[in-house]
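Q: Sharing a sequence plus its predicted fold:
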Amino acid sequence: MTIQDAQTQVDQWIKTIGVRYFNELTNLGILMEEVGELSRIMVRKYGEQSFKGEEKDQALADEMADVLWVLICLANQTGVNLTEALQKNIEKKTLRDKDRHKNNPKL
């Protein structure tokens with residue numbers, strides 16, 4: 001699936017099963033919630049905190065997909081083509097950071 005395919009599929013799902021998009025500010029809040037849920041798993045799996053009993057069954061991939069879903073919703077609502085945006089972002093980072101990380105003695 002391409003990023004554009006994902007944007008199209010999410011849009012179709014929202015318009016048929018989801019009825020309509022939540023407004024942009026609501027989706028921003030939902031995105032923050034989903035990032036928090038992803039963070040909770042990452043901190044427990046890779047950080048120093050331990051899982052609570054019921055948390056062990058939470059899937060990292062599913063939480064990442066939730067974050068991506070809401071981000072795609074926001075992109076669709078605001079007219080952002082994520083394929084183009086990501087390509088431009090990669091180009092920006094490549095130009096800006098082409099030597100930065102290689103020359104970083106911390107790395």
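A: Nice, I can see it.
Q: where does this structure dip in pLDDT?
A: Applying pLDDT under 70 to the chain flags residues 55-57.
Q: so where do the helices sit in the chain?
A: For the chain, the helices defined by DSSP state H occupy 3-16, 24-46, 60-78, 82-97.
Q: Against V19, how distant is M42?
A: Going from M42 to V19 by CB to CB, to the nearest Å gives 32 Å. (Glycine included, C-beta is placed from N, CA and C.)
Q: Among the two, which residue is more densely surrounded?
A: M42 (14 against 7; other CB atoms under 10 Å).
Q: who's in contact with the nearest residue to the more buried one once chain neighbours are set aside?
A: Once flanking residues are discounted, M42 sits nearest to L60: 7.3 Å by CB to CB, 6 or more residues apart in numbering. Contacts for L60 (CB atoms under 8 Å, 6 or more residues apart in numbering) come out as L38, I41, M42, K45.
Q: and if you look at F22?
A: I30, C73.
Q: Neighbour count says what about the contacts of L60? Which are buried?
A: L38, I41 (16 or more other CB atoms under 10 Å).
Q: which of the contacts of L60 lies closest to E54?
A: E54 lies nearest to I41 out of those, by CB to CB, at 12.3 Å.
Q: From the rest of the structure, what touches stretch 25-39?
A: For stretch 25-39, using CB under 8 Å, 6+ apart, the contacting residues are 21-22, 58, 60, 63-64, 66-67, 69-71, 73-74, 77.
Q: Most widely separated two among these?
A: Q58 and Q77 (27.5 Å).
Q: ok, and which of the helices of the chain has the densest surroundings?
A: helix 60-78 (a mean of 16; mean count of other CB atoms under 10 Å).
Q: got the angle between that one and helix 24-46?
A: 160 degrees (axes from the mean of the first three to the mean of the last three CA atoms, to 10 degrees).
Q: mind exporting helix 60-78 as PDB, just the C-alpha atoms?
A: Coordinates of each C-alpha in helix 60-78 appear next as PDB, following Å, rounded to 0.1, in the frame of the first residue of the first chain:
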ATOM      1  CA  LEU A  60       3.100  -1.800  19.600                       C
ATOM      2  CA  ALA A  61       2.200  -2.100  15.900                       C
ATOM      3  CA  ASP A  62      -1.500  -1.500  16.500                       C
ATOM      4  CA  GLU A  63      -0.700   1.700  18.500                       C
ATOM      5  CA  MET A  64       1.600   2.900  15.700                       C
ATOM      6  CA  ALA A  65      -1.200   2.200  13.200                       C
ATOM      7  CA  ASP A  66      -3.600   4.200  15.400                       C
ATOM      8  CA  VAL A  67      -1.200   7.200  15.300                       C
ATOM      9  CA  LEU A  68      -0.900   6.900  11.500                       C
ATOM     10  CA  TRP A  69      -4.600   6.600  11.100                       C
ATOM     11  CA  VAL A  70      -5.400   9.900  12.800                       C
ATOM     12  CA  LEU A  71      -2.400  11.600  11.100                       C
ATOM     13  CA  ILE A  72      -3.900  10.500   7.800                       C
ATOM     14  CA  CYS A  73      -7.300  11.800   8.800                       C
ATOM     15  CA  LEU A  74      -5.700  15.200   9.600                       C
ATOM     16  CA  ALA A  75      -3.900  15.200   6.300                       C
ATOM     17  CA  ASN A  76      -7.100  14.400   4.400                       C
ATOM     18  CA  GLN A  77      -9.000  17.100   6.300                       C
ATOM     19  CA  THR A  78      -6.400  19.800   5.600                       C
END
